[in-house]
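>>> Next come a sequence and a model predicted from it.
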Amino acid sequence: MPESSGQIDNVMHEDRLFPPTAEFAGQAHIKSPAEYQALWEQAAADPAAFWAELAREELHWFEPFTEALVWKEPHAQWFVGGKTNVSTNCLDRNIAQGLGDRLAILWEGEPGDSRSLTYAELQRQVCQAANCFRQLGVGPGDVVSIYMPLVPELVIAMLACARIGAVHSVIFAGFSAEAIADRNNDAQAKLQITADGGWRRGKILPLKATVDEALAKSPTVENCIVLDRVHQDVPMQAGRDYWWHALMAEADTECPAAPQDSEAPLFILYTSGSTGKPKGILHTTAGYNLYAKKTFQWVFDHQPEDVYWCTADCGWITGHSYLVYGPLAAGATCLMYEGAPNYPDESRFWQLIEKYQVTIFYTAPTAIRAFIKWGDQHVEKHDLSSLRLLGTVGEGINPEAWMWYHEKIGGQRCPIVDTWWQTETGGIMLSPLPGAIATKPGSCTKPLPGILPAIVNQAGQPVEPNQGGWLTVTHPWPGMLRGIWGDPERYQEVYWSRVPGHYLAGDNARCDEDGYYWIMGRIDDVLNVSGHRLSTIEIESALVSHPQVAEAAAVGRPDDLKGEAVAVFVTVKDAQPDDQLRESLKLHVRHEIGALAQPDDIRFTAALPKTRSGKIMRRLLKDIAAGKETVGDSTTLEDLNVLTNLGDGDK
Ligand code: WTA
């Protein structure tokens, strides 16, 4: 097959099908495939009208919008002329509907301390924080940089920005001073919010010290607010630094929300590109808010009595959309946990599910693979019968990990929503609606209502069922990014130039004969072996289905004969990583996929290099497999030591 066709061979077969139980479907908002199909078709017939009706129903409008969508590729404006406020939609609107006493946040700190906040309490604190920010000179359009542990004040700070029309830029509290300064400078941040420290595996992360170093290189930042989280004595710079509690003690608990244009910037979130500096993805007010809310309701089938737990940090888009803006707009009760999943031991998550009677649990495949490696005994100690729905996000889930999740965590009764989306899409795009769509392990199933995907080849032509190609979206949707902060050319170039008229997600996918989507990995990660284009996830899933394998990453390495040879990096459960296992893995992949995909090199490693949000960094592995020095941006790499150890790997 010519390389330029953009098609990818599909080698994975998965026949297992899991329909929702009658009990689950019976209580769900969308109860059957027919109901889903009707809704999807209604939306597809006129997406702008479909979203406009939802926007009128689901958001509070200070001024109604006059036009649902103005689309001049690549620039979309949704709900033009309208004025709303995201914090009003998440707080005041729910309180006005009688939910003031409902728990908004159930929070547990890593050391075991806990707090809870009702919607009314959350609103009061958001108002106070908003008044504090204003007092420090922050106004509409000003950028507030947030570098905090996962504590309620992080959510309060985000909502307080929204309340006064400031734009937040949340930076995950594991990034370096350099990374903070780069992001602060790119965004021209005016205010910094941080904490004295945060807890991680029983140790204190010195957040304020890191921020001090960053602020020395962030000339636009005028002030810094510091939350007392770990009671550390930290230096406070007079005239610049203020304690959160001191400001809050003086602040008024009322702060009317400032009406915002639908398209006013809500936040910037930096995400790493494959090369070069991180991209500041821009999301705006009304469209994003509606999209986060509606997709939360559809995908998690939210019911008033649910206790919902998304394990993501607010430093990622998943935390923005499905820990804060989606669930709070929908009036949900959300659990937030500050710490590590293996502190004080590997059963912490299961203990929390039992303690808080969590009903919906949303986590990442990388965490699931870690749980599998840690062993079932940690799970079995706890009663997980409160769970009714499970979700995954961030990477493809290998079918065997899916089966483990289904059996061990879901007790075979909970549907699993494998949700495909991106920082750029603002919210979930492809996912089962759990009461309506039978799931297949490893597939994110179908597009949500209002989403029109297309898989195309490099000429922009749709490919046949089961043929892999580029995943694109053919019609704007309310949650889509509005740009890359300060870089309109890069926005146009990355997402809109290669397939005219389509949003290019940068992932490969195929759609099977039942209309189910299967994500095959990033476009840049495709392997080309003897003219056959293979996806990373399929080789990795074959390896993970071997009983001794915990995790695997597949990359191509230049090969004179085949174009590319298959190099894999493998972490094992408790087996001896020796030549015998190597042979057994080669045979296993040969058996599962075929001779074509049989790995040429197998390196065993104690851990794989991952981004801080848990994605395997195949680009770095590719360089290692090719014997090159690693290049490009590794500021998002979780543990740099992993890299140095891998370099010595035996083939
Ligand atoms: C990958 C996370 C397969 C994909 C919300 C995408 C997935 C990138 C899935 C975005 C999934 C995310 N199945 N792959 N369910 N979810 N991805 O911006 O490559 O951190 O393009 O957003 O993660 O990552 P981001």
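Here it is on my side, so go on.

>>> In the stretch 151-300 of the chain, where is pLDDT below threshold?
Applying pLDDT under 70 to the stretch 151-300 of the chain flags residues 273-276.

>>> which residues in it form helices?
152-164, 177-187, 207-215, 244-250, 286-300 (DSSP state H, counting those that start in this stretch).

>>> Switch these over to a markdown table; also include mean neighbour count.
Bear in mind the C-beta positions are built from the backbone N, C-alpha and C, glycine included. What follows is the helices of the stretch 151-300 of the chain, written out as a markdown table (neighbours: other CB atoms under 10 Å):
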| stretch | mean neighbour count |
| --- | --- |
| helix 152-164 | 27 |
| helix 177-187 | 21 |
| helix 207-215 | 22 |
| helix 244-250 | 15 |
| helix 286-300 | 27 |
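
>>> Can you get me the start-to-end distance on stretch 302-318?
Stretch 302-318 stretches 17 Å from its first residue to its last (CA to CA, to the nearest Å).

>>> tell me which residues in it are buried?
302-303, 306-318 (16 or more other CB atoms under 10 Å).

>>> And it, how far out from the chain middle?
Distance of stretch 302-318 from its chain centroid, counting by CA atoms, centre = their mean, to the nearest Å, is 11 Å.

>>> can you list the residues of the stretch 401-550 of the chain near the ligand?
Residues of the stretch 401-550 of the chain lying close to the ligand by CB under 6 Å from any ligand atom are Asp418, Thr419, Trp420, Trp421, Gln422, Thr423, Cys444, Ala505, Gly506, Asp507, Ile519, Arg522.

>>> Of those, which is the nearest to Thr571?
Comparing these against Thr571 with CB to CB places Arg522 closest, at 20.6 Å.

>>> now that closest one: how far from Tyr242?
Distance, Arg522 to Tyr242, using CB to CB, to the nearest Å: 43 Å.

>>> repeat for Val70
From Val70 to Tyr242 the distance is 42 Å (CB to CB).

>>> Which residue of those two possesses the greater neighbour count?
For Val70 and Tyr242, the more surrounded residue by other CB atoms under 10 Å is Tyr242, and the numbers stand at 18 against 15.

>>> Next, the contact list for that one, please.
Tyr242 makes contacts with Leu136, Asn223, Cys224, Ile225, Val226, Met236, as judged by CB atoms under 8 Å, 6 or more residues apart in numbering.

>>> Please name the residues that touch the residue lying closest to Gly594 once chain neighbours are set aside.
Once flanking residues are discounted, Gly594 sits nearest to Val11: 6.4 Å by CB to CB, 6 or more residues apart in numbering. Residues in contact with Val11 (CB under 8 Å, 6+ apart) are Leu534, Glu538, Ile593, Gly594, Leu596, Ala597.

>>> Please identify the one among those that lies nearest to the ligand.
Within the contacts of Val11, proximity to the ligand (CB to the nearest ligand atom) peaks at Glu538, which comes in at 12.2 Å.

>>> so who does Ala173 touch?
Ala173 touches Tyr147, Met148, Pro149, Leu150, Gly198, Leu205, Leu207, Asp313, Gly315, counting by CB under 8 Å, 6+ apart.

>>> can you do 10 Å?
By CB atoms under 10 Å, 6 or more residues apart in numbering, the contact list for Ala173 reads 146-151, 154, 180, 194-195, 197-198, 200, 205, 207, 210-211, 313-315, 612.

>>> With Gln42 as the reference, measure out to it.
Here the criterion is CB to CB. By it, Ala173 lies 43 Å from Gln42.

>>> and if you look at Thr118?
Here the distance between Thr118 and Gln42 works out to 36 Å (CB to CB).

>>> Then Ile537?
Distance, Ile537 to Gln42, using CB to CB: 33 Å.

>>> of these two, who's got more company?
Ile537 (24 against 15).

>>> In CSV, list the helices of the stretch 151-300 of the chain along with distance to the ligand.
Shown next, in CSV, are the helices of the stretch 151-300 of the chain (distance: least, CB to the nearest ligand atom, whole Å):
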stretch, distance to the ligand
helix 152-164, 17
helix 177-187, 16
helix 207-215, 22
helix 244-250, 29
helix 286-300, 11
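
>>> So for stretch 583-592, what gets flagged as buried?
Residues of stretch 583-592 classed as buried by neighbour count (16+ other CB under 10 Å): Leu585, Lys586, His588, Val589, Glu592.

>>> Spatially nearest residue to the second one, not counting backbone neighbours?
Spatially, and ignoring its direct neighbours in sequence, Lys586 is nearest to Gln598 (5.3 Å; CB to CB, 6+ apart).

>>> if I pick that neighbour, what's in contact with it?
Going by CB under 10 Å, 6+ apart, Gln598 touches 529, 539, 542, 565-566, 568, 585-592.

>>> Most widely separated two among these?
Using CB to CB, the contacts of Gln598 span at most 19.2 Å, a distance reached by Ala565 and His591.

>>> Now the stretch 101-250 of the chain against the ligand: closest residue?
Nearest residue of the stretch 101-250 of the chain to the ligand, counting by CB to the nearest ligand atom: Phe172, 11.2 Å away.

>>> whoops, I mixed them up, the stretch 251-400 of the chain
For the stretch 251-400 of the chain, CB to the nearest ligand atom, closest residue to the ligand: Gly396, 3.7 Å.

>>> Skip the chain neighbours and tell me the closest residue to that residue.
Nearest to Gly396 is Ile537, by CB to CB, 6+ apart, at 4.3 Å.

>>> Check whether that neighbour really touches Leu527, as I assumed.
No: between Ile537 and Leu527 there is no contact under CB atoms under 10 Å: 11.2 Å.

>>> which residues do these two both contact?
Gly521, Ala554.

>>> His60 - how many residues pack around it?
By other CB under 10 Å, 16 other residues sit near His60.

>>> Show the contacting residues for it.
Lys83, Thr84, Asn85, Val86, Thr88, Asn89, Asp92, Arg93, Ala96, Ala257, Pro259, Asn289.

>>> May I ask you to confirm that the fifth one is in contact with Phe62?
Yes: counting by CB under 10 Å, Thr88 sits close enough to Phe62 to count as a contact (8.2 Å).

>>> These two: which has the busier surroundings?
With neighbours defined as other CB under 10 Å, Thr88 and Phe62 compare such that Thr88 has more, 27 against 13.

>>> where does that one land on pLDDT?
If you check Thr88, the pLDDT there is 98.

>>> how much space between it and Phe296?
Note on Thr88: its distance to Phe296, by CB to CB, is 17 Å.

>>> which non-adjacent residue is nearest the one residue in the stretch 551-651 of the chain that gets nearest to the ligand?
Shortest the stretch 551-651 of the chain-to-the ligand distance, computed as CB to the nearest ligand atom: residue-wise this is Ser613, at 5.4 Å. Spatial nearest neighbour of Ser613, excluding adjacent residues (CB to CB, 6+ apart): Trp316 at 5.0 Å.

>>> Surely the one you found touches Val324?
No: using CB under 10 Å, Trp316 is not in contact with Val324, being 11.2 Å away.

>>> still on that earlier bit, surely the residue nearest to Gly396 forms part of a strand?
No: the assignment for Ile537, made by DSSP: H, G, I helix; E, B strand; the rest coil, is helix rather than a strand.

>>> tell me, how many neighbours does Ser386 end up with?
Neighbour count of Ser386, defined by other CB under 10 Å: 16.

>>> one step back: show me which of the buried residues of stretch 302-318 neighbour the ligand.
Answer for these near the ligand (CB under 6 Å from any ligand atom): Ile317, Thr318.
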